[in-house]
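# below are the sequence and a predicted model; questions follow.
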Number of protein chains: 2
Amino acid sequence: IKEPICRIRNFLEKAWNLGVAEPKKVIHGLKVGLALSLVSLFYYMRPLYDGFGGNAMWAVMTVVVVFEYTVGATLYKCINRATGTFLAGSLGLGIHWIASHAGDEFEPIILGMSVFILASAATFSRFIPSVKSRFDYGAMIFILTFSLVSISGYRVDKLFEMAHQRLSTIAVGASLCIIITMFFCPTWAGDELHSLIHTNLEKLADSLYGCVVMYFTNNCDDDSSKKMEHYKCVLNSKAAEESLANFVRWEPAHGRFSYRHPWKQYLKVGSALRGCGYCIGTINSSMNSEFEAPDFLKKHLSNACITLSSHASNVLRESATVMATMTKSSNIRSSVGEMQYAVKDLQNAFLSLPNCYLAAKPLAPLDGDSKTATTTKTTVLSMTEVLPLATLVSLLMETAARIED
Amino acid sequence: IKEPICRIRNFLEKAWNLGVAEPKKVIHGLKVGLALSLVSLFYYMRPLYDGFGGNAMWAVMTVVVVFEYTVGATLYKCINRATGTFLAGSLGLGIHWIASHAGDEFEPIILGMSVFILASAATFSRFIPSVKSRFDYGAMIFILTFSLVSISGYRVDKLFEMAHQRLSTIAVGASLCIIITMFFCPTWAGDELHSLIHTNLEKLADSLYGCVVMYFTNNCDDDSSKKMEHYKCVLNSKAAEESLANFVRWEPAHGRFSYRHPWKQYLKVGSALRGCGYCIGTINSSMNSEFEAPDFLKKHLSNACITLSSHASNVLRESATVMATMTKSSNIRSSVGEMQYAVKDLQNAFLSLPNCYLAAKPLAPLDGDSKTATTTKTTVLSMTEVLPLATLVSLLMETAARIED
């Protein structure tokens, strides 16, 4: 008996933690509840009931289906739903008119064929990338409304009235959603995207510096090893970034973001960050490899490596500030310069390595040592690989900042 | 006037190409059309009309909303829709019964409060990861049905009958969808996932070998440079893999896949492949970097590098065959062994480099050359970094194959 209780308690604990960590999600839940309660008012109040009748159901359905977490997603669904319903409704009425003039025999055939053809075509169109990213929901609503209108048109006589009622109830539901989502603690997709990229920049900076320092100092506490794992979040944020960027298109200007805010730059920065993240992952895995590097090699390179990584993570932090304040900053130029110097230092340290290495060689057994040496070099060199990417990121940040201010 | 015509023609061309490339998607469109036409039969035929009445609408809606590309997705939506409707319907009836016994004053208050509380809670639960991946759609349907039942219950007296009708029409629509999706050219999420991973393995093998050979031979034709870009597809397939793996859970045993097929292994293999893909990306970008390596270095290392990359891509191809045939193969062991020898060869070639490099040094101006040397070394070493990953993949493949046969 204990097991299911345990599970339920676990589940509730998880839910509670999520609610504490992200109160916005709780607020979203409350907003949906509020919108639904308001819609039910339309049903409870007599005069409205007489106006909308049984179709008030559509208002409820619209609220449930359309209300999304971010403003952009809600607007996307509202606009798609309204357009899809309107187009399909008028097309359905037209075909119904044609069918009713074609005689009793042909009427069901014409209606059936048109449903088959249009539904197939619209379903297929949902696979086309440009349609999928912008009008996926609209195409679904189009199929739904068209088949409802053309099928029920065969029975229901007051077709026009029904179409009118459906449209007006959907309009009521949709506008209620838009008002609530925009004016009660709105969650803008733009804000979310902005802060996602911003925290990703900081996480990368943390884990880059943390993992290099830990390797060379062997100073491993819990907090820093947690920070080192941050780069994994960055790798997993692609899907979130893309859907946010999709919804951002539908949002009006708000807060610090003007209508022509360069959202596409965010995606580019995001993918550059993911590239960096994978580099850090490679460094991390080569550091954890089975061969421990000999101490003299570590000592020889540690200073240059630590300086380099601290400069690189400085550049990342600097770009994070640039993003947060959305102003050009001269600091970023100077820290990029410092980073490039650090790269050269590391290269020099590496080039003086052969001598140092050759000198040390006789001291150690050949076979074991050669492997470890290769591993260290690998580590060090993958460090230098981070740099073109870091530079790329900083350049991107600069262009973004330039357009932003 | 020409511009919009051009656009429309472009759009149609794209759609045509997509249809030719993936006829399964066209077939899916036709299947949806077929299902909708069949559902309309329920409406056209008198006896059925008398049975289901105006609620036949729900059958149409179910078909439109539930019919998805893969069998797994359709089953997921059907089961979620049925469960959500049933749970919310019975809960709605219960609360309605309580409210109707509480007196006229309290009835709207109880109903309104229950809608608010349950809708908020269910909306919030959709953010919890374990709910989101399995019951997202069910939670939405729960909110929808519950608010419809409790709101319309205030007016409609024949509530029980309505609930019964809704459930039975949904059952008709859902079973029609399941029959059509499973017996007319089914598209199984399992097959899709299997072939996605399989083609990704082959793409990686192509681009790994192609990019190393091109660097050392400078032999660059269009076909091979296209192949080199294949690794980018691998990087972008994460979201597709995850959604397919989500849907696969709902599918019954089919074809070569038993009920306990280790689908989770596929996700692991997929993420290992993405790791490899990023390594190849790093190699590629360091090869295209501004510093061209001096010829003597290239010559010294080219053989070992080309052998290594051909062995590594052999291992990948071998695992692709293992996946396709789902049998253990002894070939894979031997090619992993060959690859490990090739790694050692490359390491030896690299260790003999310092001497060779020191001998060649006086011939070239110091500053320019040091940079180029570092770049080549970087390239070579990032090659060796691919190998732990490739080994990881092959090991994973073996475990997968072991469970599969």
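Perfect, thanks for sending it.
# what's the helix or strand harbouring residue A:320 packed up against?
Assigning secondary structure by DSSP states H and E places residue A:320 in helix A:295-325. Where contact means 3 or more C-beta pairs under 8 Å, 6 or more residues apart in numbering or on different chains; DSSP states H and E, helix A:295-325 is packed against helix A:189-217, helix A:330-351, helix A:353-360, helix A:366-404. Heads up, the C-betas are built off the backbone N, CA and C, glycines and all.
# and the angle from that helix to helix A:189-217?
160 degrees (axes from the mean of the first three to the mean of the last three C-alpha atoms, to 10 degrees).
# what's the burial count for the nearest residue to residue A:189 once chain neighbours are set aside?
Leaving aside its chain neighbours, residue A:189 sits nearest to residue A:72 (3.5 Å; criterion: C-beta to C-beta, 6 or more residues apart in numbering or on different chains). Applying other C-beta atoms under 10 Å in any protein chain shown, we find 26 residues neighbouring residue A:72.
# and residue A:72, what is it in contact with?
A:188-190, A:244, A:246-251 (C-beta atoms under 8 Å, 6 or more residues apart in numbering or on different chains).
# can you select the buried ones among those for me in ChimeraX?
Here is the ChimeraX command that selects the buried residues among the contacts of residue A:72 (16 or more other C-beta atoms under 10 Å in any protein chain shown):
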select /A:188,189,190,244,246,247,248,250,251
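# considering the contacts of residue A:72, which is situated nearest to residue A:107?
residue A:250 (39.7 Å; C-beta to C-beta).
# and that closest one, helix, strand or coil?
coil (DSSP: H, G, I helix; E, B strand; the rest coil).
# is it in contact with residue A:79, as I believe?
Yes - counting by C-beta atoms under 8 Å, residue A:250 touches residue A:79, with 6.7 Å between them.
# ok, residue A:124 to residue A:86 distance?
22 Å (C-beta to C-beta, to the nearest Å).
# between those two, who's got more neighbours?
Ranked by neighbour count (other C-beta under 10 Å), residue A:124 and residue A:86 place residue A:124 first, with 22 against 16.
# for that one, which non-adjacent residue is spatially closest?
Using C-beta to C-beta, 6+ apart, the closest residue to residue A:124 is residue B:29 (3.6 Å).
# what residues of the helix or strand in which the one you found is found count as buried?
Assigned by DSSP H and E, residue B:29 belongs to helix B:23-44. Within helix B:23-44, the residues that count as buried by 16+ other C-beta under 10 Å are B:25-40, B:42-44.
# same question for stretch A:103-110.
Within stretch A:103-110, judged by 16+ other C-beta under 10 Å, the buried ones are A:107-108, A:110.
# repeat that for stretch A:127-143.
A:127-128, A:131, A:135-143.
# and the residues you listed, which is the shakiest by pLDDT?
In terms of pLDDT, residue A:131 ranks lowest among the buried residues of stretch A:127-143, with 80.
# give me the element that one is part of.
In this structure, residue A:131 sits in helix A:129-152 according to DSSP H and E.
# other SSEs contacting that helix?
Other elements packing on helix A:129-152 under the criterion 3+ C-beta pairs under 8 Å, 6+ apart are helix A:71-100, helix A:106-125, helix A:159-183, helix B:23-44, helix B:56-66.
# one more time with 6 Å, if that's ok
helix A:71-100, helix A:106-125, helix B:23-44, helix B:56-66 (3 or more C-beta pairs under 6 Å, 6 or more residues apart in numbering or on different chains; DSSP states H and E).
# what inclination does the first one have with respect to helix A:56-66?
When you say that, I think you mean helix A:71-100. 140 degrees.
# show me what counts as buried in helix A:71-100.
In helix A:71-100, counting by 16+ other C-beta under 10 Å, buried: A:71-82, A:84-86, A:88-89, A:91-93, A:95-96, A:99-100.
# next one: phi and psi at residue A:254?
phi -150, psi 150 (degrees, to the nearest 10).
# I meant residue A:257, not that one.
phi -100, psi 120.
# out of everything not next to it in sequence, what's closest to it?
Per C-beta to C-beta, 6+ apart, closest to residue A:257 is residue A:190, 5.0 Å.
# distance of that neighbour from residue A:244?
8 Å.
# same question for residue A:28.
Taken as C-beta to C-beta, the span from residue A:28 to residue A:244 is 15 Å.
# and if you look at residue A:168?
To residue A:244, residue A:168 is 32 Å away according to C-beta to C-beta.
# now residue A:118
Taken as C-beta to C-beta, the span from residue A:118 to residue A:244 is 32 Å.
# next one: residue A:90
Taken as C-beta to C-beta, the span from residue A:90 to residue A:244 is 33 Å.
# repeat that for residue A:270.
Counting by C-beta to C-beta - residue A:270 and residue A:244 are separated by 10 Å.
# tally of neighbours for the closest residue to residue A:309 other than its chain neighbours?
Counting by C-beta to C-beta, 6+ apart, residue A:212 is the residue found nearest to residue A:309 once chain neighbours are left out, at 3.9 Å. A count of nearby residues for residue A:212, using other C-beta under 10 Å, gives 27.
# give me the pLDDT for residue A:212.
pLDDT at residue A:212 comes out at 72.
# could you do the one 4 residues further on as well?
Predicted confidence (pLDDT) for residue A:216: 69.
# repeat for residue A:148
pLDDT, read off for residue A:148, is 80.
# for it, what are its contacts?
residue B:60 (C-beta atoms under 6 Å, 6 or more residues apart in numbering or on different chains).
# can we see that at 7 Å?
Neighbouring residues of residue A:148 by C-beta atoms under 7 Å, 6 or more residues apart in numbering or on different chains: B:57, B:60.
# just the CA coordinates of stretch A:262-282, formatted as PDB?
Output of stretch A:262-282 as PDB, limited to C-alpha atoms (Å, rounded to 0.1, in the frame of the first residue of the first chain):
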ATOM      1  CA  PRO A 262      16.500  41.600 -34.300                       C
ATOM      2  CA  TRP A 263      15.100  38.300 -33.000                       C
ATOM      3  CA  LYS A 264      16.900  36.300 -35.600                       C
ATOM      4  CA  GLN A 265      20.200  37.300 -34.100                       C
ATOM      5  CA  TYR A 266      19.200  35.600 -31.000                       C
ATOM      6  CA  LEU A 267      18.900  32.300 -32.800                       C
ATOM      7  CA  LYS A 268      22.400  32.800 -34.300                       C
ATOM      8  CA  VAL A 269      23.800  33.600 -30.900                       C
ATOM      9  CA  GLY A 270      22.100  30.600 -29.500                       C
ATOM     10  CA  SER A 271      23.600  28.200 -32.000                       C
ATOM     11  CA  ALA A 272      27.100  29.800 -31.500                       C
ATOM     12  CA  LEU A 273      26.600  29.200 -27.800                       C
ATOM     13  CA  ARG A 274      25.700  25.600 -28.400                       C
ATOM     14  CA  GLY A 275      28.900  25.200 -30.500                       C
ATOM     15  CA  CYS A 276      30.900  26.500 -27.500                       C
ATOM     16  CA  GLY A 277      29.000  24.200 -25.200                       C
ATOM     17  CA  TYR A 278      30.000  21.200 -27.200                       C
ATOM     18  CA  CYS A 279      33.700  22.400 -27.100                       C
ATOM     19  CA  ILE A 280      33.500  22.600 -23.300                       C
ATOM     20  CA  GLY A 281      32.000  19.100 -23.300                       C
ATOM     21  CA  THR A 282      34.900  17.800 -25.300                       C
END
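# spell out which parts of the stretch 51-200 of chain A neighbour chain B.
A:57, A:60-61, A:64, A:108, A:112, A:115-117, A:119-121, A:123-125, A:127-128, A:140, A:143-144, A:147-148, A:151-152, A:154-155 (C-beta under 7 Å from any C-beta of the partner chain).
# of these, just the buried ones, ChimeraX syntax please.
This is the ChimeraX syntax for the buried subset of those, where burial follows 16+ other C-beta under 10 Å:
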select /A:57,60,61,64,108,112,115,116,119,120,123,124,125,127,128,140,143,144,147,148,151,152,154
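# not counting residues beside it along the chain, what's closest to residue A:160?
Residue A:160 sits nearest to residue A:93 (C-beta to C-beta, 6+ apart), 7.2 Å away.
# so what's the predicted local confidence for the one you found?
We note a pLDDT of 82 for residue A:93 in this prediction.
# and residue A:316, by the same measure?
Residue A:316 carries a pLDDT value of 74.
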